[in-house]
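> okay, predicted coordinates and the sequence, questions at the end:
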Amino acid sequence: MTKAETAARLAERRRLYDSGLLDSEICAVEGKPQSTIRSWRARGGLPTHLPVGRNRRAISRTPPTPDMKRRCLALLERGVNGALIAREMGLATSTVDLWRNIMLAERPSLCLPKYKRRPTRRHGNGNAFSKLRSDRRQAAFLLYADGSDDGEIARAIGISKEQVWKWRQALYLPAVRPRGGVSRGLTLKRAKKPPGPAISPLTNPTHARIMSAIGRALPPDLTDDAASDMWLAMLEGRLSVEQIEAQARRFRGRVIADYASRYGPTSMDEDLTGDGFRLLDVLRDDRSSDWLERSGATVW
């Protein structure tokens with residue numbers, strides 16, 4: 001459809017409107033849905049035509065007029081919330097949003113303060129969002145007024161905590177902290193941490209100083225033994241904190257001397273356990289069982 005045809009169609013629609021036809025009658029003539037005619041009237045700031053015998057006071061919302069549109073756009077430029085404007089002026093929120101979008105399209109350089117609309121449609125009584133019966137909603141509100149949290153309300157009414165949460169969100173009610181003062185996240189069971197060592201280098205600076213003085217040349221078991229000896233000497237008063245670095249070598253050498261050194265000389269006839277078991281006995285000897293084979297002890 002060309003611009004000329006569109007202009008002619010809009011002019012004919014305005015003529016029908018000026019003649020006093022209702023929206024439904026204009027729709028019947030043009031073959032358009034009623035929402036199209038309603039949007040066209042809203043863009044032009046035209047009030048609705050009432051049927052014969054109908055009082056305008058019976059309409060719940062005030063029909064938009066050019067003065068209302070002018071005031072609404074002025075308030076929007078000042079940063080007033082669109083929902084607040086619609087409520088105070090008796091307009092539909094969709095009408096205010098439509099005027100705002102048209103103004104932004106006509107004036108691209110205009111920068112309006114942003115106001116966030118609710119992402120979900122929520123009714124004030126919580127019907128559509130919470131889906132609770134009226135008696136449960138009333139009981140839940142009384143319990144909430146008494147200071148009960150979500151868990152207590154759910155147990156008293158016999159519903160889940162999620163339903164109580166949805167009901168609160170529908171009414172924009174803030175959460176109530178539990179009686180003990182613990183938030184909702186802390187009520188979940190947490191895994192107990194295993195107990196750590198009594199003395200840790202991360203928490204005890206003296207132990208960290210001892211481990212640093214001993215060094216990493218020894219195996220872990222010998223390092224722990226040397227650290228234990230130094231702690232014992234400090235408890236008995238034979239070693240001070242200032243002498244840790246100076247005496248660490250002596251304690252380290254004592255631990256090496258007390259235990260068998262893997263690098264030092266060792267006798268093959270050394271008694272290891274004190275009962276005659278020698279280091280030589282741990283060597284493999286393939287001929288040690290020859291006499292058992294000759295006697296037939298290994299024959300099944």
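Here it is on my side, so go on. No experiment lies behind these values; they were computed from the predicted model shown.
> what stretches of the stretch 101-250 of the chain score poorly on pLDDT?
Scanning the stretch 101-250 of the chain for pLDDT under 70 picks out 111-131, 138, 141-142, 144-147, 171-174, 176, 179-202.
> helices of that one, start to end?
All helices of the stretch 101-250 of the chain, identified by DSSP state H, counting those that start in this stretch, fall at 127-130, 134-145, 150-157, 161-171, 205-214, 220-236, 244-258.
> got a markdown table for those, with distance to Ala7 and mean neighbour count too?
All C-beta atoms are positioned from the backbone trio N, CA, C, and that covers glycine. Formatted as a markdown table, those follow (distance: least, C-beta to C-beta, whole Å; neighbours: other C-beta atoms under 10 Å):
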| stretch | distance to Ala7 | mean neighbour count |
| --- | --- | --- |
| helix 127-130 | 43 | 16 |
| helix 134-145 | 53 | 16 |
| helix 150-157 | 59 | 18 |
| helix 161-171 | 47 | 18 |
| helix 205-214 | 87 | 17 |
| helix 220-236 | 92 | 16 |
| helix 244-258 | 97 | 15 |
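> make TSV out of the ones you listed and add distance to Thr93.
Listed next are those as TSV, based on distance: least, C-beta to C-beta, whole Å:
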stretch	distance to Thr93
helix 127-130	16
helix 134-145	24
helix 150-157	30
helix 161-171	17
helix 205-214	64
helix 220-236	71
helix 244-258	75
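> among those, which comes closest to Glu30?
Closest approach to Glu30 among those (C-beta to C-beta): helix 127-130, 34.4 Å.
> how many neighbours does Tyr17 have?
When counting by other C-beta atoms under 10 Å, one arrives at 19 neighbours for Tyr17.
> ah, wrong one, I meant Ser94
Neighbourhood size, Ser94 [other C-beta under 10 Å]: 12.
> and it, how far from Leu76?
14 Å (C-beta to C-beta, to the nearest Å).
> buried ones in stretch 25-45?
Buried residues in stretch 25-45, counted by 16 or more other C-beta atoms under 10 Å: Ile26, Cys27, Ile37, Trp40, Arg41, Ala42.
> out of these, which one has the weakest pLDDT?
Scanning these for pLDDT, the low point is Ala42. It has 83.
> okay, now the domains of this structure?
With domains defined by automatic domain parsing, the chain comprises 3-106, 127-181, 205-258.
> which of these sits closest to Arg278?
domain 205-258 (21.0 Å).
> end-to-end on the closest one?
28 Å (C-alpha to C-alpha, to the nearest Å).
> kindly report the same for stretch 210-218.
OK, stretch 210-218 end separation, C-alpha to C-alpha: 14 Å.
> tell me what the helix or strand containing Glu25 is packed against?
Taking DSSP states H and E as the definition, Glu25 sits inside helix 23-30. Other helices and strands packing on helix 23-30, by 3 or more C-beta pairs under 8 Å, 6 or more residues apart in numbering; DSSP states H and E, are helix 3-18, helix 34-44.
> in JSON lines: the ones you listed, plus distance to Leu104.
Listed next are the helices and strands packed on helix 23-30 as JSON lines, based on distance: least, C-beta to C-beta, whole Å:
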{"stretch": "helix 3-18", "distance to Leu104": "22"}
{"stretch": "helix 34-44", "distance to Leu104": "14"}
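> out of those helices, the one nearest Leu110 is which?
helix 34-44 (17.9 Å).
> okay, the angle between whichever helix or strand comes after that closest one and helix 34-44?
Remark: after helix 34-44, the chain's next helix or strand is helix 66-77, criterion DSSP H and E. Interaxial angle of helix 66-77 relative to helix 34-44 (axes from the mean of the first three to the mean of the last three C-alpha atoms, to 10 degrees): 80 degrees.
> list the buried residues in helix 66-77.
Met68, Lys69, Cys72, Leu73, Leu75, Leu76.
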